[in-house]
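Asks: Give me coordinates for this.
(chains A and B)
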Amino acid sequence: MRAAWRLATSSLFERPSRTALLTAVVVAAAVLIAAVGVAFGSLNHAVRQRVAAMVGNADLVLKRSGRGQSLDAALLDRVRGWPETRLARGRLSAPLALRFRRPVWSPEPDGSFKRSTLVLSVSADGVGIDPALERDLPTLQLLEGRLPGADDEIVLDKALVRRLSRPEARLGLGEVGIRLLGGSTRDVGPMKADPGPERIPDKAQADRLNEGAGIAVGDWVEFARFRAAPVRLRVVGVASSPPLGGSVTGYMTMPGLAALSSRQGRLSQIDVVVREGLDPTAVADRRRPDLDEGLSLQTTQLITSGLDRNLRANQLGFFVASTMAFLAASFIIMTGLATGVTERQRELGILRCLGAARRTLAGTQLLVGGLIGTAGAAVGIPIGVAAAWLILDHFRDALDADVILPPGRLAFAFAGAVGAGLVGAAWPAWQAARTAPLKAMSVRSVPPSRRTLVLLAALGALGVLTHLSIITLLDDADTLFRTYVALGVPSIMSGYFLLGAPVVVLVARLGGPTIARIFALPRRLLGRTIAATPFRFGFTAGAMMLGLALMVAIWTQGGAVLRDWLDKIEFPDAFVVGLNLTPESQRVLDELPFVRRTCAISIQPVRSQRSFGISGFTEINTSFVAFEPEPFFEMVRLSWVKGDEAYARRRLAEGGAVLIAREFFTAGKLGVGDTFIATHNDRTHSFEVVGVVSSPGLELVNDFFKVEERFTEQTVHAVFGSRRDLREKFGSDAIGLIQIDLDDAVSDDEAIATIREVLLPAGILDAGSGRQIKRQITGIVRTSLVISSSVAAFAMFIACFGVANLIIAGVHARRFEFGVLRALGASRGLLARLVLAEAAVIAVAAGVLGTLMGLQGALGGTRLNRAIWGLELDALPPPGPIAIGWLAVFLFTLGAAGPTAAALSRKRPRELLGSVRG
Amino acid sequence: MLDVREVHKAYRLGGRTVQALRGATLSIAEPGFYAIMGRSGSGKSTLLHLLGALDRPDAGTITIDGESLHDMGERRATLYRRRRIGIVFQQYNLIPTLTARENVELPGLLAGEPADAIAARARALLDRLQLQGRHEHRPDALSGGEQQRVAIARALLFEPALLLADEPTGNLDSSTSEHLWTLLAELAGERRMMVVMVTHEPAAAIHCRRIFVLQDGAIRDTIDTEGLDAGGVAARYQQSVRAA
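Replies: Predicted structure coming up:
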C-alpha cells in the first residue's frame, strides 16, 4: 500500500498541469452537482415549509369538500368536545384587497422636493388567527411588533410590506397572481404615522426619505371593499414571508377578518391536534361517520404524502442527472489516465522488473483516480454551495428560500466525485496490471488492433440499439420509464462513447484531407497520428459530445413543447382568477361595455384511476374543469378529436358525463365510451366519457396563479364537465375562474386594466388575457431552455479539460518526432496547425456523435412524454441550436488545444530532439 | 549455484518465429564476476532475461541456489526478482521523477520494508559507489556513469546472490566503462555474489574470471581468463567463434 501511495503521489506531481486539468474536470462536475443539489434542496425545503405553514402542526384537518367552501364555526366547539382532541383551532382565509397611501417626494422646478401621495394596491391572502392559540399552533413567525389584538389590527408579511412600499419594485421571475396595479399621485392624505415634511430642500434628503417612507409598524392600511367604504387597519407587526413567494399574506384576528369578508360565523378549516399516543388515521376513521355530508376529515400526513412523493420524483431526477455528469467526468479521467499509462509503459516495465506486483501497479492507478476525485470534491463542492447561495440570493424577490445544505445530496456529490475518479481509473488500473516487463521496456511501435476498433464499434452499436429498442418496443408508461432510467440512459451514453474511436477514425479518413487543406498541412501528416492513437482521440471526442447532445435534446424537446403543445392551445380572450369569486363579480363583468360574454368556471383537482405520472413516484391529479355547458360551448371553440358534439352537449347537460383532454387518448388511457372514475376527499364517482377535445388551457391558467395548490395538489391535464355535477357529486361550486369573451374593438391591455381596477375589491387574484398568459408561459419555457443550455455549455467546458489533457499528453509523447520535423524544415506554424487540426478532428467527431445522440435522446423524450403525459410531440431537429452547439464544440476544443499548440511552436528544435524518446 | 541446462526459447517477431536459444547450457559453482559474450542476435539478452525470471524457457531447466526458475509462477517470479536477484540494464532505467536515493530504495518500498532501514541502506550503498553528495539529485542531473552506479546500488539493496548486468556500459565512454567493470569485479569479491554480465566487448570480459561464449543460441565455449590480457581474451574469443 505504501508503495502504491508513493508511486501515486509521485505520478500526480510529476505532471502538475495534467493533474490539475483532470482534477478540474471533477471540480467542474462537483460544482454543478453541488450547486443544483443545494438549490433544489433549498427549494424543496421551502416547499415543505410552505406546506407545513399551510397545514400547521395539526394532525387532522376538517373542511368542506370543494374549493372555497366554508364551515359553520359552531363545529369548532363540537370538535373540541371529542375525547381524542387535545387542541383544535379554527382557520379563516379570505382575500384582502389592501391599499396604502405612501408619501413620495418629487422634484419641483425650484430644485426643492415636494411631498405628494402615491397609492399602492395589492391583493393579498388574509388569514384569521386566534392569538391565544398561536403558541401551541403557530401560524406565523413574527419578526417585528406584536400579534393583532383588536379587530382593526393587521400583521403584514415581509413580502407584503415590500409590495406596499416600493412603487418601482420589479416583478421577479415566477411572480404569480399578485400585481402592483400602479399608483396615483392624487393627494388623498397620508396614512403614515409620521408623514414627513411637506417640502425638502435637497436631493440627498429626499432620496433618504423616499427610501424610508414605506409601510411600517404603526402605519395604517386600507382594506378596499366591493361597493362599500374602505376600512382602515392598523399595522401592528411584520411576519416572515411564506417561502417561495406566491401569495402575500396579512394576519388579522378571526372576528376582524370575518367581519371584513362577510364570513361571520364561518371558518375555512379546523386544525386538530390529537392526544398523545393516539393514531390520527384511526381517529379520523372513527369520527368521519359522525360528520355531515360534504365535510371532509383528513390526516395532514395524507396531505403531505403526495407532496413527498412528488419531491422524491424530483430527487430521482437529480440523481439521474448527477450520475450522468459524473459518468461523463469518469470518461474524461479514464482517457487521461489511460494515456498516462501508455506513456509510462517503460517505467511500469522497470517497476515490474524490480518486483512490483500487478496489484501494486493497479492500486497506484486507483489511488491516483481516487485522489483526483477527492481533490475535485474538496474544491468543487464548496464552490457549488457558494454558487447556489448566489443564485438563490439573486432571485430572492421571487423565490424566497433559505439556503440549506441537504446532507444527502452533498454526500452524493462527494461520493460521485470520488467515484468518478475511481471508475475512471479502473481501466487504466487494469492496463497497468497487465504490463509485461520485457514488452513494456522494448521500444516498439505497435499499431492499434483493428479487431479492437471493430469490437468497440459493435459494443457501441449495441448500446445505441438497446436504447432504441427500449423506446420503440415498450408501451407501458411505468415499465418504459423505469427501463429507460435504469438501462436506456446508461446504454445510450456508453454506446456513443464507445463509438468515439471508430467515428474518429472515419472522420480522419473521410474528412482528414479537407481538414488538412484548411489548416495548410501535408496530406498524410494529420491522419497518421490519429490512426496511431484512435482510442485517445475517440474517447476525448466522446467526452466532448455530451454537452452538444444535451443542447440538441433540450432544444428539440423544448421546441416541440412550444410548437406541438403550447401553440395549439387556444386560451380564452381574457379571464379573471380568484379563490372564490361570486356571481356578483360575474355580473359586474357582464356590465362592462367591452365584455361580450362571460362563463363561470369551477376547477377541482380529482384523483383518477387513469392519472398521469409514474406509479410509486408521482401523485398527479387531474383537473375537473366545470362549467355551464350552453354558455361554455357558445364561447369556446373546442377542437374535437373524437366524439359527437351534439351528443356530448346533451349528455353534459344531463349530468354524469365528461369530455377528456386529448392527452388521455394519446397516452392510451381513455376514449369515448369509457368510464372516468374521479375521487376527491373520499367521494368517488363515475362519468361517461363523451368526447375527446384539445384543452382550451383553463387548467393551465388556474395552475399558473394558484401557487400553494401546486405544491400539494399537482395536476396534469383536465376533464371537462358540468358545474352541476361538481356541486352535486363533490360539493364544490366555488367559482375559481371567469372566462371572458372580449369585443374585438378593445385592446387587451386596456380591457385587463379596467377589469382589475373594477374587481380588485372582489377578491380576485389576477386578471389577464390569453395572449398574455401564452406569452408568459412561452417566456418561462424559453428561459428554462436557455438555463438548460447553459448546463450543456458547462458540460462542454468540463470536457475541455479532457481535450487539453489529451493534447498535452500527445505533444509530450511526440516531442522527439516534432523535433525531427523541425530539423527537417517544418516551420513553427506547421507544428501548431498540426495540433489544432487534430483538435478539429476531435471536434468534428464530437459534433457528429453529439448530434446523433441528442436527436436519439430527444426521440426517447418524445416517447416518454407520449407514454407518461400523453403529449404528442414531433422531434424535429432544431437547426439553429445545432449550429450553435457545433460552433461551441469547435470553439471549446480548439480553445483547449490553443495554448499547447502555441507552446509547442515556441520550442527550439534542439529542445525537442533532446527529449527522451517514447 | 547457477545451473542452466538445455534451455530453449523462441519468440514471435513481426509474424515470424525466432529461435533465440537452442539448448543453452552453463553452470557456475562459486561467486565471482562472469561474462556471457556473443555477437548481436546470439541470444545473450534472452538468456539474461531468463536468468532474471523476466521470462520462462520453452524447454530446459534453470536452477539458482536450488530454486527452479523454469517452472516458477508469475507471482513467485515477481517476489524472486524483488529480493533474490539484482538487474542492471544498459539504459539505466531509473525512474526519472525519483531522486537517486529514492530510486535505490524502490525495491525496499515495493517489499514493504521499514522506511528508515531502507533509507540507511540506500545511503550506505550510494556512498560505497562514490555517489556522496548526489543522494538527492534526480537522474537528469547525473552523468551516465553516475546513473549506472545508482542502478547498481538499487540492484544491491537486498544483497542478492546473483547480480545480472545487461550491457551495462553500452551507453558509457571507455574510461567510465573501465571504472564500472572494475567496480563490478570488486563487488563480486566483496559481497561474495555471482555477477553475470552480458557484453560483446573483450575489454569488459578481461575483468571476469570466466567467459561463456554464446553463439546461435547455445554456449559454444568457456574461456578462463586467468593469465590472459585483453588481447589474449579477444584472440581466444575469436578462436571460439570461428571454431563454432
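Asks: Every contact and neighbour count from this point should use C-alpha atoms.
Replies: Noted.
Asks: Distance check, A:Pro877 against A:Gly870.
Replies: Distance, A:Pro877 to A:Gly870, by CA to CA, to the nearest Å: 21 Å.
Asks: Past the strand or helix carrying A:Val122, which element shows up next along the chain?
Replies: Secondary-structure element containing A:Val122, defined by DSSP states H and E: strand A:113-129. Downstream of strand A:113-129, the first helix or strand assigned by DSSP H and E is strand A:142-145.
Asks: and for stretch A:360-369, what are the contacting residues?
Replies: A:1, A:3-5, A:7-9, A:11-12, A:333, A:337, A:348, A:418, A:420-426, A:428-433 (CA atoms under 8 Å, 6 or more residues apart in numbering or on different chains).
Asks: rewinding a little: list the strands paired with the strand holding A:Val122, with their directions.
Replies: strand A:85-107 (antiparallel), strand A:199-200 (antiparallel), strand A:249-253 (parallel) (DSSP bridges).
Asks: okay, those, which one's buried deepest?
Replies: Greatest average neighbour count among the strands paired with strand A:113-129 goes to strand A:249-253 (a mean of 26), per mean count of other CA atoms under 10 Å in any protein chain shown.
Asks: In CSV, please show the C-alpha coordinates belonging to that one.
Replies: Extracted in CSV, the C-alpha atoms of strand A:249-253 (Å, rounded to 0.1, in the frame of the first residue of the first chain):
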residue,chain,number,x,y,z
THR,A,249,-50.4,37.4,3.5
GLY,A,250,-51.9,39.7,6.1
TYR,A,251,-52.9,38.3,9.5
MET,A,252,-55.9,39.6,11.5
THR,A,253,-58.0,38.4,14.4
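Asks: downstream neighbour of it in the secondary structure list?
Replies: In the C-terminal direction from strand A:249-253 (assignment by DSSP H and E), the next one is helix A:254-260.
Asks: Give the partner strands of whatever helix or strand comes next after that next one in its sheet and their orientations.
Replies: Moving toward the C-terminus from helix A:254-260, the next helix or strand (DSSP H and E) is strand A:266-267. Paired with strand A:266-267 in the same sheet, following DSSP bridges, are strand A:71-72 (antiparallel).
Asks: pLDDT averaged over the strand it pairs with - what is it?
Replies: What strand A:71-72 shows for mean pLDDT is 86.
Asks: now do stretch A:547-557
Replies: Mean predicted lDDT for stretch A:547-557 stands at 89.
Asks: Touching that stretch from outside, list them.
Replies: Contact with stretch A:547-557 is made by A:785, A:788-789, A:791-796, A:847, A:849-858, A:861-862, A:873, A:875-878, A:881-882, A:885-886, A:889, as judged by CA under 8 Å, 6+ apart.
Asks: and if you look at stretch A:428-437?
Replies: Surrounding stretch A:428-437, the residues in contact under the criterion CA under 8 Å, 6+ apart are A:334, A:337-338, A:341, A:345, A:348-353, A:358-366, B:54.
Asks: and the residue of chain B nearest chain A?
Replies: Using CA to the nearest CA, the closest approach of chain B to chain A is made by B:Arg82 at 4.1 Å.
Asks: Buried ones in the helix or strand hosting that residue, by neighbour count?
Replies: Taking DSSP H and E as the criterion, B:Arg82 maps to helix B:74-83. Residues B:77-83 are the ones in helix B:74-83 that count as buried (16 or more other CA atoms under 10 Å in any protein chain shown).
Asks: wait, what's in contact with residue 153?
Replies: Going with chain A. So A:Glu153 contacts A:233-236, A:252-253 (CA under 8 Å, 6+ apart).
Asks: ah, no, chain B please
Replies: B:Ala153 neighbours (CA under 8 Å, 6+ apart): B:104, B:122, B:125-126, B:129.
Asks: now it, what's its secondary structure?
Replies: helix (DSSP: H, G, I helix; E, B strand; the rest coil).
Asks: What of B:Lys9?
Replies: Secondary structure of B:Lys9, per three-state DSSP, is strand.
Asks: So A:Val31 sits against A:Gly384, correct?
Replies: Yes. Using CA atoms under 8 Å, A:Val31 makes contact with A:Gly384 at a distance of 4.0 Å.
Asks: the helices in chain B, which residues?
Replies: For chain B, helices defined by DSSP state H occupy the ranges B:44-51, B:74-83, B:100-111, B:115-128, B:144-155, B:174-190, B:202-205, B:230-243.
Asks: Tabulate those helices in a markdown table, adding columns for mean pLDDT.
Replies: Formatted as a markdown table, the helices of chain B follow (pLDDT from 0 to 100):
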| stretch | mean pLDDT |
| --- | --- |
| helix B:44-51 | 90 |
| helix B:74-83 | 85 |
| helix B:100-111 | 89 |
| helix B:115-128 | 92 |
| helix B:144-155 | 92 |
| helix B:174-190 | 90 |
| helix B:202-205 | 84 |
| helix B:230-243 | 83 |
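Asks: Output those helices in TSV, with distance to A:Glu293 appended to each entry.
Replies: Below are these laid out as TSV (distance: least, CA to CA, whole Å):
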stretch	distance to A:Glu293
helix B:44-51	95
helix B:74-83	82
helix B:100-111	82
helix B:115-128	85
helix B:144-155	94
helix B:174-190	106
helix B:202-205	112
helix B:230-243	117
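Asks: of all those helices, which lies closest to B:Pro168?
Replies: B:Pro168 lies closest, by CA to CA, to one member of those: helix B:144-155, at 7.3 Å.
Asks: Residue of the stretch 651-800 of chain A nearest chain B, please.
Replies: A:Cys800 (27.5 Å).
Asks: Name the residues of the helix or strand hosting A:Phe539 that are buried.
Replies: Using DSSP H and E, the element containing A:Phe539 is helix A:534-560. For helix A:534-560, the neighbour count (16+ other CA under 10 Å) marks A:534-560 as buried.
Asks: Around chain A, which positions in chain B sit nearby?
Replies: B:54, B:75, B:78-83, B:87, B:93-95, B:97-98, B:107, B:109-110, B:112 (CA under 8 Å from any CA of the partner chain).
Asks: I'd guessed A:Asn621 sits against A:Ser608; true?
Replies: Yes. Counting by CA under 8 Å, A:Asn621 does reach A:Ser608; the two are 6.8 Å apart.
Asks: who has more neighbours, the two?
Replies: For A:Asn621 and A:Ser608, the more surrounded residue by other CA atoms under 10 Å in any protein chain shown is A:Asn621, and the numbers stand at 27 against 19.
Asks: Please report the confidence value the model assigns to the more buried one.
Replies: For A:Asn621, pLDDT reads 79.
Asks: Specify the beta-bridge partners of it.
Replies: A:Thr715.
Asks: okay, now residue 119: neighbour count?
Replies: Going with chain A. 21.
Asks: look at chain B instead
Replies: Other residues close to B:Ala119 by other CA under 10 Å number 19.
Asks: Apart from its chain neighbours, what residue comes closest to it?
Replies: Residue nearest to B:Ala119 in three dimensions, not counting chain neighbours: B:Glu105, with 6.4 Å by CA to CA, 6 or more residues apart in numbering or on different chains.
Asks: Touching, the one you found and B:Ile118? I think so.
Replies: Yes. Assessed by CA under 8 Å, B:Glu105 is found in contact with B:Ile118 at 6.0 Å.
Asks: Overlap in contacts, those two.
Replies: By CA under 8 Å, 6+ apart, the residues touching both B:Glu105 and B:Ile118 are B:Leu157.
Asks: Which of the two has more residues huddled nearby?
Replies: Each of B:Glu105 and B:Ile118 has its neighbours counted (other CA under 10 Å); B:Glu105 has more, 25 against 22.
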